[in-house]
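# Take a look and give me a structure for this.
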Amino acid sequence: MTIDNALRKIRLLGRITLQNGAAEAEAETASKLARALMERFCIRAEDARSVANAPSQLTWVYWERLLREFGIELSRFSRRGNAQLGRGLRAFINLDTGHWCVKKQSSEGWKTIASDSGVESLHAYLKKNGPRSYSMARA
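Purely as a prediction, here's the structure:
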């Protein structure tokens, strides 16, 4: 492996963060791997930092996993997605920014109900306000 390859891998590992939807263990492991590469190839923190500040490229995997947890299907086209949350409610997600908003359809058009960034904040919103699935079976 060359230094260029190591810098590329450090940059990619730097994108695996909680803000980008990674689990805590994934983010911690990515951080440890990046530090190990920096030590092995004698890459200074300043060099790694400038590389790590590259724009993040999120993937749909985390968003799909989150929505599936609530029984919601994600429809997506390119870097934008949306999901039906219930009667007249729809979540819109911008993959490039990690921004999401929930809008409600009314006679005057779409009104924003909630808006934030990140997978964890959408999880908190859905936990509190998301569609409920009721079981008819008794324990």
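
# Quick one: residues contacting Lys32.
Applying C-beta atoms under 8 Å, 6 or more residues apart in numbering to Lys32 gives no contacts. In this view, the C-beta of every residue, glycine as well, is placed from N, C-alpha and C.

# Give me the distance between it and Ala25.
11 Å (C-beta to C-beta, to the nearest Å).

# now Ile72
Distance of Ile72 to Ala25, given as C-beta to C-beta: 24 Å.

# Tell me which of these two has more neighbours.
Each of Ile72 and Ala25 has its neighbours counted (other C-beta atoms under 10 Å); Ile72 has more, 17 against 8.

# Show me how the protein divides into domains.
As assigned by automatic domain parsing, the chain contains the domains 3-52, 61-129.

# Would you single out the least confident of these?
For the domains of the chain, mean pLDDT drops lowest on domain 3-52, to a mean of 82.

# now that one, how far from the centre of its chain.
Chain-centre distance of domain 3-52: 18 Å, with C-alpha atoms, centre = their mean, to the nearest Å.

# Surely Phe92 is in a helix?
No - counting by DSSP: H, G, I helix; E, B strand; the rest coil, Phe92 is not part of a helix but strand.

# quick one, helices of the protein?
3-14, 24-40, 45-52, 61-69, 119-129 (DSSP state H).

# Report the separation between the nearest residue to Arg79 once chain neighbours are set aside and Ala25.
Distance criterion C-beta to C-beta, 6 or more residues apart in numbering; nearest residue to Arg79, sequence neighbours excluded, is Leu95 at 4.3 Å. According to C-beta to C-beta, Leu95 and Ala25 sit 23 Å apart.

# what does Glu39 give?
Distance, Glu39 to Ala25, by C-beta to C-beta: 21 Å.

# And Asp116, by the same measure?
As defined by C-beta to C-beta, Asp116 lies at a distance of 23 Å from Ala25.

# right, and the helices of the chain - which one's nearest Asn82?
Closest approach to Asn82 among those (C-beta to C-beta): helix 61-69, 10.4 Å.

# Packing partners of the closest one?
In terms of contacts (3 or more C-beta pairs under 8 Å, 6 or more residues apart in numbering; DSSP states H and E), helix 61-69 is packed against strand 74-77, helix 119-129.
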